[in-house]
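Trainee: Provided below for reference: sequence and predicted model.
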Amino acid sequence: MISGNGSVLICVDDYNEGEMRGRIYSMSETEPDQFTSAIMLVKQVSRIIDDGNGPQSTMKVRGFFRNKAENSQNTQDQKEKPVDNKKVIAAKINAHGKEATFRVRIMFRQNASWQGMVYWVEKNREENFRSVLELLMLIDSSFAEAQAAKGVNKDELHAVGQ
């Protein structure tokens with residue numbers, strides 16, 4: 001279950017050579033956000049955390065360009081969102097990815113990164129992470145384990161193609 005601020009449900013529907021696609025569910029959104037890459041996943045979750053009044057960041061994320069109009073619009077867009085009805089909440093609780101499902105709880109945002117806990121639903125396994133990179137590596141490792149369980153080996157696939 002997704003439990004409030006700082007928590008999201010990541011449903012991975014497709015995983016191919018390190019790239020994943022899927023949906024992100026949160027209690028502050030009525031519809032899931034779609035993602036088609038790891039960087040898009042990180043950006044969407046950051047936006048959800050910011051909009052949902054999740055853990056405050058200790059550092060402001062910087063970019064190469066400063067856009068004052070964008071910054072003022074972001075503060076205007078942070079309005080109260082309507083509370084989800086029971087049907088929407090039930091759909092979020094029952095959501096699963098075609099490949100894998102992860103519940104992520106971001107508890108802190110320090111040193112320009114995230115710290116928290118990730119729970120792999122299908123394997124009933126939980127790990128703490130100390131950075132966004134570590135979170136992505138944990139998620140990626142779940143697919144390596146799944147491919148090994150299926151007996152898929154990249155070297156064998158290349159040998160068959162020759």
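Mentor: In hand now; what should we look at?

Trainee: and Phe102, that one's in a strand?
Mentor: Yes - under DSSP: H, G, I helix; E, B strand; the rest coil, Phe102 sits within a strand.

Trainee: ok, which stretches of the chain are helices?
Mentor: Under the criterion DSSP state H, helices of the chain are mapped to 38-51, 68-77, 86-93, 132-150, 154-161.

Trainee: nearest spatial neighbour of Gln56, skipping sequence neighbours?
Mentor: Arg109 (6.8 Å; C-beta to C-beta, 6 or more residues apart in numbering). For the C-beta atoms, the positions are set from N, CA and C on the backbone; glycine is no exception.

Trainee: who's in contact with that neighbour?
Mentor: Residues near Arg109 by C-beta atoms under 8 Å, 6 or more residues apart in numbering: 49, 54-58, 115.

Trainee: Using pLDDT, spot the least trustworthy of these.
Mentor: Among the contacts of Arg109, Thr58 has the lowest pLDDT, at 68.

Trainee: Could you check how far Ala38 is from Ile139?
Mentor: Using C-beta to C-beta, to the nearest Å, Ala38 is found at 8 Å from Ile139.

Trainee: re the thing from before, any of the contacts of Arg109 buried? List them.
Mentor: 49, 54-55, 57, 115 (16 or more other C-beta atoms under 10 Å).

Trainee: what pLDDT does the closest residue to Tyr25 other than its chain neighbours get?
Mentor: Nearest in space to Tyr25, with sequence neighbours left out and distances taken as C-beta to C-beta, 6+ apart, is Leu9 at 4.1 Å. At Leu9, the model reports a pLDDT of 95.

Trainee: and what of Val83?
Mentor: At Val83, pLDDT is 47.

Trainee: next one: the one 5 residues further on
Mentor: pLDDT, the model's per-residue confidence, is 52 for Val88.

Trainee: before we move on, what about the one 10 residues further on?
Mentor: pLDDT for Lys98: 93.

Trainee: I'd guessed Met20 sits against Ile39; true?
Mentor: No - the pair Met20 / Ile39 is not scored as a contact, 11.1 Å apart, by C-beta atoms under 8 Å.
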